[in-house]
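From the sequence below, what's the structure:
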Amino acid sequence: MSRHYSYSISRLKSKILFGENEPIFSKLPNNVLANLRHPRSENALLWNLIYPLAQPTISISQLLGISPQWGTPMIELVEDSLVPYFWGYHISGERLPGLDTVLERIDGAGPKTEIDLFLLGENNLVVVEAKHLSGLGQCSRFSKHRCPEIHQDAIREMEPCRYWERGEQEFAQLLDFGDRPIAGGPSPPCNQHYQLARTLVIGDVLAKDHHVEFSLWMMVSKTKWRSIEKNWLDFAMRIKGEELWRRMRVIAWEDIDQLDWKNHGT
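Predicted coordinates:
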């Protein structure tokens, strides 16, 4: 018998159904905890579907066995037992090793990128962006007319955008976003793909620090996928490395829900 076949997807996103006494819940930031209590919570859906599969790890081959909404159907990665870190935390409450150092290096002094799920093994790091009802995040500074590249007259005191400067945090290391934005130009791709771009760079740097292969995945409902597919495809076509592109993947919550947890823990 599966772990939650009596629960609908709607119920899975409404409250914590499993592992509510795990130490992680004493460590999570307040904004994550607040979302977990929301009646349409993406965080609750992520926890309720992944936590029962990770006792204590998840086999990467089993996850790759899910037919993707987008991605190479028969991709081959080295077999691995993946340890989940929800919002950067192990279920024991411990922080993912090296994550905070990477966030400081990539994001600098500003707000740190929040990533929903890391799956870390001996050979692989899978970084997951989880979506249920919300769309992919854009650049808040651009929307507030505070982009240091474009709105220079209004914010002369600000330094240039760090993601266009030379260094490991530079989007151009991994993505073709065209020319650097200028005042009076159109909305740049770095605005449209801001959330995914930051997640991609952090995952790539963290994987290099751990000496493992990096994959970027998205988990999304089949209904929501139809509304963000175009955005994802535009982002994917801008990936510079073919191997990195081949390891990208979109899988549906509904298909994860069909996995039998008893056959996945190792």
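
This structure: strands as residue ranges?
58-59, 70-71, 81-86, 117-120, 124-131, 213-220, 249-252 (DSSP state E).

can you pull the contacts of Leu200?
174-175, 216, 239 (Cβ atoms under 8 Å, 6 or more residues apart in numbering). C-betas here are computed from N, CA, C, even on glycine.

which stretches of the stretch 1-150 of the chain have low pLDDT?
Residues of the stretch 1-150 of the chain meeting the criterion pLDDT under 70: 1-14.

again, only this time at 90
For the stretch 1-150 of the chain, the stretches with pLDDT under 90 are 1-18, 20, 34-42, 55, 72-78, 109-111, 132-135, 140-150.

Do you have the helices of it handy? List them.
Secondary structure of the stretch 1-150 of the chain, counting by DSSP state H, counting those that start in this stretch: helices at 9-12, 30-36, 42-50, 60-64, 99-107, 140-143.

any chance of those in JSON lines, plus distance to Phe118 and mean neighbour count?
Formatted as JSON lines, these follow (distance: least, Cβ to Cβ, whole Å; neighbours: other Cβ atoms under 10 Å):
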{"stretch": "helix 9-12", "distance to Phe118": "21", "mean neighbour count": "15"}
{"stretch": "helix 30-36", "distance to Phe118": "14", "mean neighbour count": "15"}
{"stretch": "helix 42-50", "distance to Phe118": "11", "mean neighbour count": "25"}
{"stretch": "helix 60-64", "distance to Phe118": "13", "mean neighbour count": "18"}
{"stretch": "helix 99-107", "distance to Phe118": "8", "mean neighbour count": "17"}
{"stretch": "helix 140-143", "distance to Phe118": "23", "mean neighbour count": "16"}
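
what's the burial count for Gly185?
Residues near Gly185, counting by other Cβ atoms under 10 Å, number 12.

re earlier: which one of the helices of the stretch 1-150 of the chain lies closest to Glu254?
helix 9-12 (6.7 Å; Cβ to Cβ).

ranking the contacts of Leu200 by neighbours, who comes first?
Within the contacts of Leu200, most neighbours by other Cβ under 10 Å means Leu216, with 24 neighbours.

pretty sure that residue is touching Thr199, no?
Yes - at 6.8 Å, Leu216 and Thr199 qualify as touching, with contact defined as Cβ atoms under 8 Å.

which residues do the two both contact?
Joint contacts of Leu216 and Thr199 (Cβ under 8 Å, 6+ apart) are 127, 129.

can you give me phi and psi for the closest residue to Pro23 other than its chain neighbours?
Among residues not flanking Pro23 along the chain, Gly93 sits closest, at 3.8 Å (Cβ to Cβ, 6 or more residues apart in numbering). Dihedral pair for Gly93: phi 100, psi -10, per degrees, to the nearest 10.

Now the terminal residues of stretch 81-90, how far apart.
From its first residue to its last, stretch 81-90 covers 15 Å (Cα to Cα, to the nearest Å).

what's around the residue nearest to Pro23, how many residues?
Neighbours around Gly93, by other Cβ under 10 Å: 13.

likewise Glu159?
For Glu159, the tally of surrounding residues (other Cβ under 10 Å) stands at 9.

Isn't it up against Pro148?
Yes - the pair Glu159 / Pro148 is scored as a contact, 6.4 Å apart, by Cβ under 8 Å.

separation between Leu117 and Gly241?
For Leu117, the distance to Gly241 equals 22 Å [Cβ to Cβ, to the nearest Å].

Check Leu216 too.
Per Cβ to Cβ, Leu216 is found 11 Å from Gly241.

Report the beta-bridge partners for Tyr85.
For Tyr85, the beta-bridge partners are Phe118 (DSSP bridges).
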